[in-house]
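1. Turn this into a structure:
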Amino acid sequence: MEVGRHRKAPWSRTVHRALQTQCNPVVPPGRLTIGVARLGNDKDREHEKLLLDELQHFEGVETVPIPRAVDLEEEDKKKAEEGARGLLKDTGADALIWGSVISLSGKSAMRLYWTTARDMPGAKASERYQPQTETIALPDAFWSDLKQILGLLTQTRLAALTIDQPGNFVADKLAPLITQVAHCSRVKKVPGNQKTLAGVQFSLATALQTYGEQSGANDPLAESIELYRKVLDEWTRERVPLEWAATQNNLGNTLQILGERESGTETLTKSVDA
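-> Down below sits the predicted model:
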């Protein structure tokens, strides 16, 4: 599938109208979306503006400003987390960035919290990020954490369509998500966690396999095969035998689907080998 450049969605006008009335914008379903809440102690909303400006250039994810702050009380983090999940429920976003700004002696840093709509074991809960003073940019640690969380969200979202709904026609739901996830998996702003990246590539390959099988298109199947082979470079038989076996099995199945559509037996032979 050809992946075009990221374009602003037409529903952004709705978001702006919601902001003007101080209501929570409701994001459209079927797209990976990060909400950015107002930050505490953020003079003139400078740090919030930095977050939004940087995130809008991160292809593969929609960013929505939420004109409300999470009440961050040191003695009651659980209550603050519940407030963050409430904002997520109201907007339909996949994850929420919230927190506060810490200032000392003319320097500032952001204590940010990551809250996801679904439980994500292993995802980072919070971190302190100090913008790079030379370029006024977010540090590499922020992008690394963002990619990890998006990777986990991606795997969960794609699995819900390809694994949890076996036998159902889901190609129409997969198409926009595949395009968005493909953008995200190719971002090279900072080196990503290879384990997380392999998981994203595996989920994307599975989605492309399902899409190609249900739509009758061969290009998604070819992309799926290429991705499975990339995953096998990371998920080796010696290191993770179960993941390796699952990838080999899926690779063989995808080669079989493609081989049955082609003349000759070359692809089917590769399927048997896999």
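
2. in stretch 155-164, what's buried?
-> Buried residues in stretch 155-164, counted by 16 or more other CB atoms under 10 Å: 155-158, 161-162. C-beta: built from backbone N, CA, C; applies to glycine.

3. So which of those sit within strands?
-> In this view, these have no member that belongs to strands under DSSP state E.

4. Out of those, which sit inside helices?
-> Using DSSP state H, the subset of the buried residues of stretch 155-164 located in helices is 155-158, 161-162.

5. List of residues touching stretch 254-265?
-> Residues outside stretch 254-265 that contact it (CB atoms under 8 Å, 6 or more residues apart in numbering): 205, 209, 212-213, 218, 221-222, 224-225, 228, 266-271, 274.

6. Now a ChimeraX select for only the buried ones of these.
-> This is the ChimeraX syntax for the buried subset of those, where burial follows 16+ other CB under 10 Å:
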select :205,209,212,213,221,222,224,225,228,267,270,271,274
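
7. So which of the contacts of stretch 254-265 sit within strands?
-> Per DSSP E, the contacts of stretch 254-265 never map to strands.

8. which residues sit in contact with the residue nearest to Tyr228 when sequence neighbours are not counted?
-> Nearest residue to Tyr228, sequence neighbours excluded (CB to CB, 6 or more residues apart in numbering): Leu251, at 4.1 Å. Going by CB under 8 Å, 6+ apart, Leu251 touches 225, 228-229, 232, 274.

9. how close does Leu251 sit to Phe202?
-> Going from Leu251 to Phe202 by CB to CB, to the nearest Å gives 10 Å.

10. Give me the common contacts of the two.
-> Tyr228.

11. As CSV, the ones in helices among the buried residues of stretch 155-164 with pLDDT and distance to Pro139 would be great.
-> Listed next are these as CSV, based on pLDDT from 0 to 100; distance: CB to CB, whole Å:
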residue, pLDDT, distance to Pro139
Gln155, 76, 25
Thr156, 78, 26
Arg157, 75, 27
Leu158, 76, 29
Leu161, 75, 34
Thr162, 75, 35
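
12. burial count for the closest residue to Ser215 other than its chain neighbours?
-> In this structure, Ser215 finds its nearest non-sequential neighbour in Ala171, 4.7 Å apart by CB to CB, 6+ apart. Applying other CB atoms under 10 Å, we find 19 other residues in the vicinity of Ala171.

13. I figured Ala171 hits Ala207, correct?
-> No: assessed by CB atoms under 8 Å, Ala171 is found out of contact with Ala207, at 9.7 Å.

14. From Tyr211, how far off is Lys173?
-> Taking CB to CB, one finds Lys173 at 10 Å from Tyr211.

15. Between the two, tell me which one has more neighbours.
-> Neighbours were tallied for Lys173 and for Tyr211 using other CB under 10 Å; the higher tally belongs to Tyr211 (26 against 17).

16. got a pLDDT number for that one?
-> We have a pLDDT of 90 for Tyr211.

17. so what's it up against?
-> By CB under 8 Å, 6+ apart, the residues touching Tyr211 are 1, 171, 174-175, 178, 217, 220.

18. Of those residues, keep whichever come out buried.
-> Buried members of those, counted by 16+ other CB under 10 Å: 1, 171, 174-175, 178, 220.

19. Tell me how many other residues crowd Thr236.
-> So Thr236, with other CB under 10 Å, has 11 neighbours.

20. ditto for Arg128
-> There are 12 residues near Arg128, going by other CB under 10 Å.
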